[in-house]
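Trainee: Sequence and predicted model, in that order:
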Amino acid sequence: MKKFSELTEQEVLALAITNEEEDSRIYRGFAEGLREQFPSSAKVFDEMAEEEVVHRTKLFDLYREKFGDYLPLVRRQDVKGFIKHRTSVWLMRPLGLDAARKHAETMEYEAERFYRRAAETARDVSVRKLLIELAEAEADHEQLAQKLSEKILTPGARDTEDATSKRMFMLQYVQPGLAGLMDGSVSTLAPLFAAAFATHNTWATFLVGLAASVGAGISMAFAEALSDDGSLTGRGSPIIRGLVTGGMTAIGGLGHTLPYLIPDFHIATAASIFVVAIELAVISWIRHHYMDTPLLRATFQVVVGGVLVFIAGILIGSS
């Protein structure tokens, strides 16, 4: 790899051309990834991709004038300290609107910084002038994106896309997470309290709760991941959904298992019951806030189910 300061003027221009071409293709990737769910925002990225094509054309025309037709292959990864995109956000499916916007903002900032630094090292007046112009253009891209958004993203289109974004967040994260939390918080109550009242041994009870929580987490993770690949339902990556569901399942079970690390059985049981109450309250609030379920109905449904499982565990353990 070469240092930026070691690049010749020819190589700097070649690098700038490659950069503009890659940025244009990245914006196209954003547009394609958003087109189905966010068509208006996709059009904004199409326009920004066209702007990058214009920049590349200007650079290439100047390059041919100065150095001829041969264009050396100089890429980001060939230069130390140059712009590097650590993750291929534009290839992700489904593509998040906020992730695309934030990545685009970072791209424009880094491109502006590159052009200003390149202009400082350029000896040729015409090259330096063009690099400064491009730096200003990259700085103005935020305003361009804003203008395009105002032109393309009308209030109605923005409201529609916001609703779509909220729905996708619900399908990909909230629903799998809530399902896992409910399963972990409720289904592990019976084995945990059955072991507690059968043995009155806090360490044995902790091990049973730990095994139930981890086992339920693994089971729910595989069940969710294998239930739907997300291609038709828009529920996103099955791996992510599986991890969210499995993780929340394990957390839900571990919450009321951890108090049994307390040696005193009665204190541990009281603390565990208190944690259960908090878990059920959190589940009720999530159902109310995200699922538009009336709070009293959500609380009643969750508490009744939890209490029934809790009683079942105590009765089995005391028999």
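Mentor: Nice, I can see it. Numbering: from 1, shown residues only.
Trainee: Now do the contacts for the residue lying closest to residue 183 once chain neighbours are set aside.
Mentor: Spatial nearest neighbour of residue 183, excluding adjacent residues (C-beta to C-beta, 6 or more residues apart in numbering): residue 249 at 5.1 Å. The way it works is simple: take the backbone N, C-alpha and C, and place the C-beta from them, glycine included. Shown in contact with residue 249 (C-beta atoms under 8 Å, 6 or more residues apart in numbering): 180, 181, 183, 184, 213, 216, 217, 219, 220, 221.
Trainee: can you rerun that using 6 Å?
Mentor: By C-beta atoms under 6 Å, 6 or more residues apart in numbering, the contact set of residue 249 is 180, 183, 184, 216, 217, 220.
Trainee: Now the fifth one: which helix or strand?
Mentor: So that's residue 217. Assessed by DSSP states H and E, residue 217 sits inside helix 202-227.
Trainee: now that helix, how far from the centre of its chain.
Mentor: 25 Å (C-alpha atoms, centre = their mean, to the nearest Å).
Trainee: Give the buried residues for it.
Mentor: Within helix 202-227, the residues scored as buried using 16 or more other C-beta atoms under 10 Å are 202, 205-206, 208-210, 212-214, 216-217, 220-221, 223-225.
Trainee: same check, this time on stretch 113-128
Mentor: 114, 115, 116, 117, 118, 119, 122, 127, 128.
Trainee: Kindly reformat those residues as CSV and extend each row with secondary structure and pLDDT.
Mentor: Formatted as CSV, those follow (DSSP: H, G, I helix; E, B strand; the rest coil; pLDDT from 0 to 100):
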residue, secondary structure, pLDDT
114, helix, 83
115, helix, 84
116, helix, 85
117, helix, 82
118, helix, 83
119, helix, 84
122, coil, 81
127, helix, 83
128, helix, 85
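Trainee: for those residues, which one is nearest residue 67?
Mentor: Proximity of these to residue 67 (C-beta to C-beta) peaks at residue 127, which lies at 10.2 Å.
Trainee: Could you find the closest non-adjacent residue to the closest one?
Mentor: Leaving aside its sequence neighbours, residue 127 sits nearest to residue 9 (C-beta to C-beta, 6+ apart; 6.2 Å).
Trainee: what's the answer for residue 214, then?
Mentor: residue 250 (6.0 Å).
Trainee: do you know how far the one you found is from residue 216?
Mentor: Distance of residue 250 to residue 216, computed by C-beta to C-beta, to the nearest Å: 7 Å.
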